Structure formats: C-alpha cells, structure tokens
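Chemist: sequence first, then the predicted structure, then my questions.
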Amino acid sequence: MLPEIVNRRSIRAYLPKPLPREDIEEVLRAGALAPSSKNRQPWRFTVAAGEGKAAALAAMAQGLEEEARRPLLPESAQFLNGAVQTLAVMEQAPVVIFVANLLGRDPRGALSTDERVSELCNAQSLGACLENMALQATALGLGSLWICDTYFAYDALNAWLGGQSVLAAAMALGYAAGNPPPRPRKPLGELAEWRM
C-alpha cells in the first residue's frame, strides 16, 4: 500500500509558515489528474491565501450566520457548530483551495433522471480529485483537511467564487502542527461481501 494512503491525516492545526507556490501547484496538478466520468474533468480550483483567503473566510462567516437564521440545511442544524470550528481551522491554514463543479447544478433545484445521474458521476469525479490532492499533499510533507462544511455557507461562498460554478468542497493546506494518530477504521469483514 502506498505510504501516502497510510500516512494521510485530516489536519486541524497548522503552523504559520507560508507554502511554496510550486507545492500548491503540485497538489492542484494531482487533483487535475484524477479520473472523471466521461473525462468531463468538472473541477475548478480557486486558491485562497492572504487577502483572498480573508475575503473567502468572511464570506463563509457571513454564510454561517445566515444558516443559523434561515437554514438551507435544517436537518443538519446539529452540525453547524462543527462548521464554525472548521472556519477556525481554515483561518489557521496558510492556503484554502476551493473546489467547484463546473458542470454542477444548484442542489435545491429539481433534476431530471439524466441530470441526477450526471450529478452523481461528477460528485464521484470530484471525490477522486480531492483524494488525489490530499495524497499529494501528504507526499510533499504537507497537511490537509478535506472540508465539506462549506455547504453551510453555500450561497455566500458561491457568490464569492463568482457564481460561474457550484461549490463542491474546500481543502485547507499547510504544514501540520503535530501528527494526529490514525482514526479507527472498520475491519474489512464488516465492509466487504465476497460473491464468488
């Protein structure tokens, strides 16, 4: 098994140390090399650092406040505090990469069966992209955190991104302040069914 797979961790504390642009580009290149359904390559990356990151995080904070008042995700309200904690992690990380789905549709709209299948395929492609990014970050000695809590600030972040695509996730990137232990995993006996 590749050491990056074994050693990858979800990092929630970062050192205040800038990242070389070449390393960020390597992480992006790894994401762009992911397999995608019908080779659609639905990803679009927005790299936020410095003032750009401050603007993105201000949009996320605004979105979280709005979510508390008028929830887009009312059935997930119990997870809103986790999103506030994620915002604090994003503030620590020197870089946050927002990954948008160029082919996506607003999840609140009605979808035809074909559109729904396309959305599922694009979601799988974007997941592969983000995993490639996390593994490349590990290979470069960087820490990363794959962030889905951005959905709590969906409208505000999509507006910050310019409204040309649909936000899929974000990834915090930087030098880890510590090395958390691996989290428990379910044994294969619970996860795999063999039909031979």
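Modeler: Noted; the coordinates are in hand.

Chemist: where exactly do the strands run in the protein?
Modeler: Remark: strands assigned in the chain by DSSP state E are 43-49, 95-101, 143-147, 166-174.

Chemist: just so I know, which of those lies nearest Ser10?
Modeler: Nearest of the strands of the chain to Ser10, taken as Cβ to Cβ: strand 143-147 at 5.2 Å. Every C-beta, even on glycine, is put in place using the N, C-alpha and C of the backbone.

Chemist: so the closest one versus strand 95-101, what angle?
Modeler: 40 degrees (axes from the mean of the first three to the mean of the last three Cα atoms, to 10 degrees).

Chemist: out of the strands of the chain, nearest to Ala128?
Modeler: strand 43-49 (9.7 Å).

Chemist: partners of that closest one in the sheet?
Modeler: Using DSSP bridges, the strands paired with strand 43-49 in its sheet are strand 95-101 (antiparallel).

Chemist: and the angle for the partner strand with strand 166-174?
Modeler: 160 degrees.

Chemist: pretty sure Pro71 contacts Ala77?
Modeler: Yes. Contact status for Pro71 versus Ala77: in contact at 5.9 Å, counting by Cβ atoms under 8 Å.

Chemist: residue contacts, Gln41?
Modeler: Ala32, Ser125 (Cβ atoms under 8 Å, 6 or more residues apart in numbering).

Chemist: just the buried residues of the longest helix seen in the chain, please?
Modeler: In the chain, taking DSSP state H as the definition, the longest helix is helix 113-139. Residues of helix 113-139 classed as buried: 118-119, 121-123, 125-126, 128-139 (neighbour count, 16 or more other Cβ atoms under 10 Å).

Chemist: fine by me, we can end here.
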